[in-house]
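1. sequence first, predicted model second:
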Amino acid sequence: MLKFIGGLIRPYRGTLAIILLAMLVETVMSLASPWPLKIILDSVVGSHKVTPWMRHLMGSGIESGSKQHFALVASLAFVVIAILGAVASYIDNYYTESVGQYVAHDLRMRMYHHLQRLSLGYYNTHQTGTILSTITSDIQTIQGFASGSTLNILVDLLTIVCMLGLMFWLNWDFTLIAVAVTPFLLLFVSRFKKAVKKATHEVRKEQSEIVAVVQQGLESMQVVKAFGQEKTEEALLQEVSHATVSAALKARSVKALLSPVVTITVAVCTAIVLWRGAALILKGAMTIGELTVYLAYLNKFFKPVKDLATTTNAIAQAAVGAERVRAILDTDTDIEEKSDGLEPKTLAGDIEFKNAAFGYDPANPILTDVSFNIKQGQFVGIVGPTGSGKSTVVSLIPRFYDLQAGSIKIDGQSVADYKLKPLRDQIGYVLQETVLFRGTIAENIAFGRPGATREEIIEAAKLANADEFISRMPKGYDTMVGERGSTLSGGQRQRIGIARVMVRNSPILLLDEPTAALDSESEKLVIEALERLMKGRTVITIAHRLSTIRDADQIIVISGGVVAENGSHDELIARNGIYAGLHRTQFETGPAKVEA
Ligand code: ATP
Ligand code: MG
C-alpha cells in the first residue's frame, strides 16, 4: 500500500522536500514553545541560576543582571517562536493540499485511461456504479491521505522522539514514570487500526452499492415507471442505505473508542506528573519551570500519539481506497494489443472466420465452430434463431472479445495482428439502438470521425435521410440531445447513427438489426439510408426481416454454435432447411415481426 502511494507521490519529490522542511521547523517550534515560560518562571520570577549557554543565548545585555530584560527577551522569543511555527504551518498546509490534489488528479486520469482500455467483458461483469464510486470517492480518500497524513506520521514520530529526549535530559527517572503507559497505548492503537480498517472496508462497500443502485435506477427510469416499480426501486435503496448506516455506525463505535482512551490516559499521566512533580519541587529536586515544560510536553506528547491514531484511521480509509483502485488498475486488459501491431490505412474488407470458437464464459461456449469467407464488397446476411450468437459473431470482428479457438482474418491478417484503434477505425457499426451522447446533433455525428467538417456532417446527414428532420429543429445541427438520445425518436436516432457511420466512411460495415425497433414508415427511410451507406463496402447485416437480405451475395445461418447453412437466397430455399423454414414462417405470418 505504502509502495503504491509512494509511487504516486514520487513525481512531487521537490514539493515534498519543502513540506518536510516546513514540518521540521514546525516541530522545532513546538518543542521550543514552553521554554520561554520556563525561563520566566525559573530565572525571572524564581531564583534559579541562569546556565551559561542561556546567558549566551540571551545576549550580552544580561551582564547587567536585569531580570526585566530577561523577561523581555523571553517574551519576544515566545512571539518569534509562534510566528515561525505559524509560517511553517501555512507552507506545510498549502503544499500538502496541492500534492494531494495533484496525486488524485494523476490517479483519476490513470484509472480512466485504464478503464477505456478494459474489454467489454469487464463491463459485463462489473457494476458501473461501483466503478463510478471508486473513481470518485475512493480517489478522494486517497487524496485526503496524501494531503495530510503521509508526512505527518514522520513528523509525529520525530516529535515524540525529540520530546522524550528533552524530557530524559531534564529528569530521566521522572520521565520514565510519566510515559510508562505509552507502550500500552501504542499497542492499543495498533490493535485498533486493524478493527478500523475492517469496519471501513464494509462502509465503503455499502456506499458504492448505493451509487450502483441509484445509477441503475435512474438509468432505467422509463422502465421503472412503465412497470410501476418505483416502490421496489426505493426498497432496494432503502436496503443498501440501511446497510450503510449500520456499517458506518459500527465503524464509528470502534473509532470513537480511541479519543476517550487517549484522554483518560493523558489525565492519568498528568496526575502522576503533578503528584510526583510537587514532591520533587518541595524537595528542591525540580524547578517550577521544569514541571511546566513537563506538563506542556506531556500534553503535546499525547497529541502525536492521538494523531497517529487519527492518521491510522485515514490510513485505513486510504488503504481501502487504494485496494479498490488497484483492483481496477491491476485488471489486465485482456484484449492485448501487439506492440508491433499493423496499422492499416485502409482495408479492402475480406473477412474470414476459420473454426472460430467463443463463449463469454469459456466454460459455456456460444460458438463452437464457425467458418465462412466474405470477399471485399460483398453483402452478407446473417440469420438464425434468437440467442444463437449472431450479434456475438459480429462483435468478434472489431475484436471486442478474443476467440477461444480458431481465427478471424481481415485481408488475410488475424484481427489480433492489428493495432486496435486502426482496426476499429475501418469498421462502421449500426446497432438496433443507437446510443447518443449528451451534446449537439453535429457532435454526435462527428463522433464517427472526430475532425469531420460541418460540410461533411451535413452531407452525411443528407445521405442518412436525417438532414430533413434536423433542419426542422429550431437549432438545427446545434440542437442538444438528451442523455442517451432521449429527446429523439427511435427512427431519428437510427438515422443519426447511420450518419455517424457515413461520416466514418469505413470499408467494413456491420449492421445488427438496425431496423428491428422501427415501424414500417420509419423503417423505409432508414433502409433507404442504409442502401446508400452500403454501397461499395463489405457489409454484414443481421436481419430479422428476411426480405431485406433477399439480394445478399451470401446468407449465413448460425444455429447450434456453428454455420448451419450458407448460400444465396435461392440456394437456401432449394435446400429446404432452417432458412427455408424461417422464410416460410415469415411469409405465412405476414408482415408481423418474426425473430430471425
Ligand atoms: P438475437 O437474435 O436475440 O439478437 P443473437 O443471435 O444476436 O440473438 P447473441 O446476442 O449473440 O444472440 O447471444 C448469444 C448468446 O450469448 C445468448 O445465449 C446470450 O445469452 C449470450 N450473451 C450475449 N451477450 C452476452 C454477454 N455480454 N455476456 C454473457 N453472455 C452473453
Ligand atoms: Mg442480436
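-> That came through, no problem. Ligands and ions are numbered 1, 2, ... in the order given.

2. in terms of helices and strands, where is Asp332?
-> Under DSSP states H and E, no helix or strand contains Asp332.

3. so which residues of the stretch 1-150 of the chain form helices?
-> Along the stretch 1-150 of the chain, counting by DSSP state H, counting those that start in this stretch, helices occupy 2-9, 13-32, 35-39, 52-58, 67-117, 120-125, 128-133, 139-170.

4. which residues touch Leu396?
-> Phe353, Ala356, Phe358, Leu403, Ile408, Val415 (C-beta atoms under 8 Å, 6 or more residues apart in numbering). Using the backbone N, CA and C atoms, a C-beta is placed for each residue, glycine as well.

5. closest to ligand 1 among those?
-> Nearest to ligand 1, judged by C-beta to the nearest ligand atom, of those is Phe358 at 9.3 Å.

6. give the contact list for the closest one.
-> Pro365, Ile366, Leu367, Thr392, Leu396, Tyr401, Leu403, Gln404.

7. ChimeraX command for the buried members of those?
-> ChimeraX command restricting the contacts of Phe358 to the buried ones, with burial defined by 16 or more other C-beta atoms under 10 Å:
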select :365,366,367,392,396,401,403
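
8. which residue packs closest to Ile107, ignoring adjacent ones?
-> Careful, residue 107 is Leu; it's not Ile. Spatial nearest neighbour of Leu107, chain neighbours left out: Ile139 (5.4 Å); criterion: C-beta to C-beta, 6 or more residues apart in numbering.

9. neighbours of the one you found, how many?
-> Residues lying near Ile139 (other C-beta atoms under 10 Å) number 23.

10. swap in His569?
-> So His569, with other C-beta under 10 Å, has 20 neighbours.

11. any idea how far it is from Ala580?
-> 10 Å (C-beta to C-beta, to the nearest Å).

12. now Gly7
-> Relative to Ala580, and taking C-beta to C-beta, Gly7 is found at 63 Å.

13. need the residues of the stretch 351-500 of the chain near ligand 1, please.
-> Tyr360, Ile366, Gly384, Thr386, Gly387, Ser388, Gly389, Lys390, Ser391, Thr392 (C-beta under 6 Å from any ligand atom).

14. same thing with the chain?
-> By C-beta under 6 Å from any ligand atom, the residues of the chain that approach ligand 1 are Asn124, Tyr360, Ile366, Gly384, Thr386, Gly387, Ser388, Gly389, Lys390, Ser391, Thr392, Glu595.

15. secondary structure, pLDDT and distance to Glu290 for those residues - can I get that in CSV?
-> Below are the residues of the chain next to ligand 1 laid out as CSV (DSSP: H, G, I helix; E, B strand; the rest coil; pLDDT from 0 to 100; distance: C-beta to C-beta, whole Å):
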residue, secondary structure, pLDDT, distance to Glu290
Asn124, helix, 83, 70
Tyr360, coil, 91, 75
Ile366, coil, 94, 82
Gly384, coil, 91, 92
Thr386, coil, 88, 88
Gly387, coil, 90, 85
Ser388, coil, 91, 89
Gly389, coil, 92, 85
Lys390, helix, 92, 88
Ser391, helix, 92, 83
Thr392, helix, 93, 82
Glu595, coil, 46, 91
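
16. so the nearest residue to Ser414 once chain neighbours are set aside, which state does it fall into?
-> Using C-beta to C-beta, 6+ apart and skipping the chain neighbours, the partner closest in space to Ser414 is Ser407 (5.3 Å). Per DSSP: H, G, I helix; E, B strand; the rest coil, the local secondary structure of Ser407 is strand.

17. show me the contacts for Ser407.
-> Glu352, Phe353, Lys354, Asn355, Ala356, Ser414.

18. just flag the most distant two among those.
-> Taking C-beta to C-beta as the measure, the contacts of Ser407 span a maximum distance of 12.9 Å, between Asn355 and Ser414.

19. PyMOL command for the buried members of the residues of the stretch 351-500 of the chain next to ligand 1?
-> To isolate the buried members of those in PyMOL, using 16+ other C-beta under 10 Å:
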select buried, resi 366+384+388+389+390+391+392
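
20. least trustworthy helix or strand in this protein by mean pLDDT?
-> helix 52-58 (a mean of 62; mean pLDDT, DSSP states H and E).

21. what residues does the helix or strand harbouring Leu511 touch?
-> Here Leu511 is covered by strand 508-512, with elements defined by DSSP H and E. When contacts are defined by C-beta under 8 Å, 6+ apart, strand 508-512 is touched by residues 347, 349, 351, 390-391, 394, 397-398, 410, 426-432, 501, 530, 533-534, 537-542.

22. and the next helix or strand along the chain from it, what does it pack onto?
-> As assigned by DSSP H and E, the chain's next helix or strand after strand 508-512 is helix 520-534. Under the contact criterion of 3 or more C-beta pairs under 8 Å, 6 or more residues apart in numbering; DSSP states H and E, helix 520-534 touches helix 454-463, helix 490-504, strand 508-512.

23. after helix 520-534, next one along is what?
-> Heading C-terminal from helix 520-534 (DSSP H and E), you reach strand 538-542.

24. tell me what that following strand is packed against?
-> strand 379-383, helix 390-396, strand 508-512.

25. what is the burial count for Thr134?
-> With other C-beta under 10 Å as criterion, Thr134 counts 22.
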